[in-house]
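Peer 1: After the sequence you'll find the predicted model.
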Amino acid sequence: MRMIISFAALFLSVVLLQLSSGSLGPLDALSGLALDFTRQEIGMLGSAHFLGFFIGCWWAPRLMGSVGHSRAFAAFTAAGAIGLIAHMMIVDAVAWAVMRVASGMCVAGCYTVIEAWLQAKVTNETRGRTMGVYRVIDMGASLAAQLVIGVLEPASYISYNILAIVCCAALLPLTLTTVKQPDTPSSPRLRPRLAFQRSPLAAAGVLVAALSSASFRMVGPIYGQEVGLSAQQIAWFMAAFVFGGAIAQYPAGWLADKFDRRWILIWLSVAAMASCGVTAMSGGLGPAGIMLTAGLFGLTTFPIYSVAAAHAHDFADESERVELSAALMFYFALGAIAAPFTASALIDAYGPPALFAMIAVGHGILIVFGMARMRARKSPEQRTRYIYTPRTSFLIGRLTGRSRDRRN
């Protein structure tokens, strides 16, 4: 309890940040449809967000070194708030894409500051409990953010203004805390080749995880509207995906620690392909059936990133933990930049089921590649502990690295 209280300001900032940024993607998709943006333009907005996310991950540690944690957090939050407020001032898809770059930078930069702060304050004894509380709060806020769009009117200045106010409110807990700012951490070297060198399968798994998650989060509202869901039902549709992913973490972790992780990745992808097929055909099942299939989709696709990351860390030295985590995040960002635009173009050309057809193809390729990698290399004799890994910043490896104690 003392630990939770000491980090209360950071955790409250996380909640407010998630409520504002997590609601923006679905709201932008619904607003774009209301304003007659093309589907490719709406997909471009999602891709622009992840471009900004990558820039923020790279720039945030350097900015913290120049101006400190609180000022860096304030700068990134201001960028996000400006992007939110400017939406209805300039109604243009390209201008919105620039604003989404700012929102992506805000998310990555603020999470980098928060995780650097947590890393500096936790000890080996409190690391596991702190990360557990942090994951629950982050996932809970993400779930709530999906429900917020059910009460926000698309293409409304008031809606974007509310999200901007919540984004600005995220400044207050962290900047007003009396807890002393930690020293600036050194930023990890970005070595993209490291992930592929340690485990080509893990790098491929992270790309497929990005294909699934980013395309659904950013383009899922288009699918929801195409199959006849109302705005409030789309909110529950998106929330079901997050909820399914949340409840999948424990069983996925138990299986990944007990069996060969390559088989877990393969069978998760088999299940993901099946859930893609069920979800693509759910249009005639009614709203309740569509919600259940979205939860199943989250259940089968959400754990893939963490299983792939654990598999990569099985082949890494202790000294490589942080840089390997950053490299995996780099691959996730690449996949997330490309996925929304590609998905929206396919929906425009072939209809709503094309979204899940694209994701299913990606998982099919991962299955074939996983089988090939099992023939090329044996399973490691020692394995690291499975950890649910948030895709938040390049510094997340500092929080999770020491928790990956060796398991036989």
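Peer 2: That came in fine, so what should we check first?

Peer 1: Need the residues that contact stretch 330-348.
Peer 2: Identification of contacts with stretch 330-348 by Cβ atoms under 8 Å, 6 or more residues apart in numbering yields 38-47, 50-51, 53-54, 57, 190, 192, 195, 203, 206-211, 213-215, 218-219, 222-223, 226, 305, 354-355, 357-358, 391, 394. C-beta coordinates here come from the backbone N, C-alpha and C atoms, glycine included.

Peer 1: Got a ChimeraX select line for the buried ones in the residues you listed?
Peer 2: To isolate the buried ones among the contacts of stretch 330-348 in ChimeraX, judged by 16 or more other Cβ atoms under 10 Å, type:
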select :39,40,41,42,43,44,45,46,47,50,51,53,54,57,195,203,206,207,208,209,210,211,213,214,215,218,219,222,223,226,305,354,355,357,358,391,394
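
Peer 1: Among the contacts of stretch 330-348, which ones are in helices?
Peer 2: Counting by DSSP state H, the contacts of stretch 330-348 place 39-47, 50-51, 53-54, 57, 192, 195, 203, 206-211, 213-215, 218-219, 222-223, 226, 305, 354-355, 357-358 in helices.

Peer 1: okay, now the closest residue to Phe37 other than its chain neighbours: neighbour count?
Peer 2: Nearest residue to Phe37, sequence neighbours excluded (Cβ to Cβ, 6 or more residues apart in numbering): Ala93, at 5.1 Å. Neighbour count of Ala93, defined by other Cβ atoms under 10 Å: 16.

Peer 1: What of the one 3 residues further on?
Peer 2: Counted with other Cβ under 10 Å, the neighbours of Trp96 add up to 25.

Peer 1: my guess is Leu395 contacts Ile114, does it?
Peer 2: No. With contacts counted by Cβ atoms under 8 Å, Leu395 stays clear of Ile114, the gap being 9.4 Å.

Peer 1: where along the stretch 201-350 of the chain do the helices fall?
Peer 2: Taking DSSP state H, counting those that start in this stretch as the test, the helices found in the stretch 201-350 of the chain are 231-258, 261-280, 286-301, 304-313, 321-350.

Peer 1: As TSV, those with mean pLDDT and distance to Arg383 would be great.
Peer 2: Shown next, in TSV, are those (pLDDT from 0 to 100; distance: least, Cβ to Cβ, whole Å):
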stretch	mean pLDDT	distance to Arg383
helix 231-258	90	7
helix 261-280	92	7
helix 286-301	89	22
helix 304-313	89	8
helix 321-350	89	14
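
Peer 1: Out of these, the one nearest Ala169 is which?
Peer 2: helix 231-258 (21.1 Å; Cβ to Cβ).

Peer 1: Could you measure from Met374 over to Trp267?
Peer 2: Met374 sits 13 Å away from Trp267, taking Cβ to Cβ, to the nearest Å as the criterion.
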